[in-house]
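S.K.: everything below, folded, please.
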Amino acid sequence: MKKAILLLFMLIAVQQLSSQSDPPVQIITHEVKMGETIRMISKRYLVPPADIYKLNRFAVDGIRAGMVLHIPVPIKDKPLATSAQTPEPDPDVYHSVAKGETFASIAKHYQISEQKLREANPEFSSGKLPAGATLIIPSEGGLLPSNEAATTQKLKSK
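M.R.: Just a heads-up that it's a prediction; the model follows:
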């Protein structure tokens, strides 16, 4: 009798867990820029790299500039802002310097001021940028760096 009751409770628990739906996600298409990696992209959109690889099996072999990736970004309910609340700071984005890139060209790409870029990377603020160096791209105004090719589509996750 105890086993039957235990089995019944286990079945109810499994049914309740399986009936819970995943939160809806927004699928973003992202065109890979020169120097970007899956890890950098995952940090930009706050999504684990494994989730990006699930939608982009071809990316397991590596990515290159011009490729289009599908990024599953969870849709979050926006709380009502009050005067007592301050917005959380956005996470920084990282950029791998390609040969010939300058502070000015990188700042223009991410639509931030060259001064802010230099302030975020004081170790590189004087002289030329070495190829392969990783720069911190500070986010401004609550927005992530723009991607002109980004589009959105709302879907429910599986």
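S.K.: by contact count, what packs against the one helix or strand Ser105 maps to?
M.R.: Element membership of Ser105 [criterion: DSSP states H and E] is helix 103-110. Counting contacts by 3 or more CB pairs under 8 Å, 6 or more residues apart in numbering; DSSP states H and E, the secondary-structure elements packed against helix 103-110 are strand 93-96, helix 114-120, strand 134-137. (Glycine included, C-beta is placed from N, CA and C.)
S.K.: JSON lines for those, including mean neighbour count and distance to Pro24?
M.R.: Formatted as JSON lines, the helices and strands packed on helix 103-110 follow (neighbours: other CB atoms under 10 Å; distance: least, CB to CB, whole Å):
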{"stretch": "strand 93-96", "mean neighbour count": "18", "distance to Pro24": "25"}
{"stretch": "helix 114-120", "mean neighbour count": "15", "distance to Pro24": "34"}
{"stretch": "strand 134-137", "mean neighbour count": "18", "distance to Pro24": "28"}
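S.K.: got the ones you listed as TSV, with mean pLDDT columns?
M.R.: Conversion of the helices and strands packed on helix 103-110 to TSV gives the following (pLDDT from 0 to 100):
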stretch	mean pLDDT
strand 93-96	80
helix 114-120	85
strand 134-137	84
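S.K.: show me where the protein has its strands.
M.R.: Taking DSSP state E as the criterion, the chain contains strands spanning 24-31, 68-74, 93-96, 134-137, 151-156.
S.K.: take the ones you listed and lay them out in a markdown table including distance to Leu7.
M.R.: Putting those into a markdown table (distance: least, CB to CB, whole Å) gives the following:
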| stretch | distance to Leu7 |
| --- | --- |
| strand 24-31 | 34 |
| strand 68-74 | 35 |
| strand 93-96 | 51 |
| strand 134-137 | 55 |
| strand 151-156 | 32 |
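S.K.: the nearest residue to Ser96 once chain neighbours are set aside: how many residues sit nearby?
M.R.: For Ser96, ignoring the flanking residues on the chain, the nearest one in space by CB to CB, 6 or more residues apart in numbering is Gly35 at 4.0 Å. For Gly35, the tally of surrounding residues (other CB atoms under 10 Å) stands at 20.
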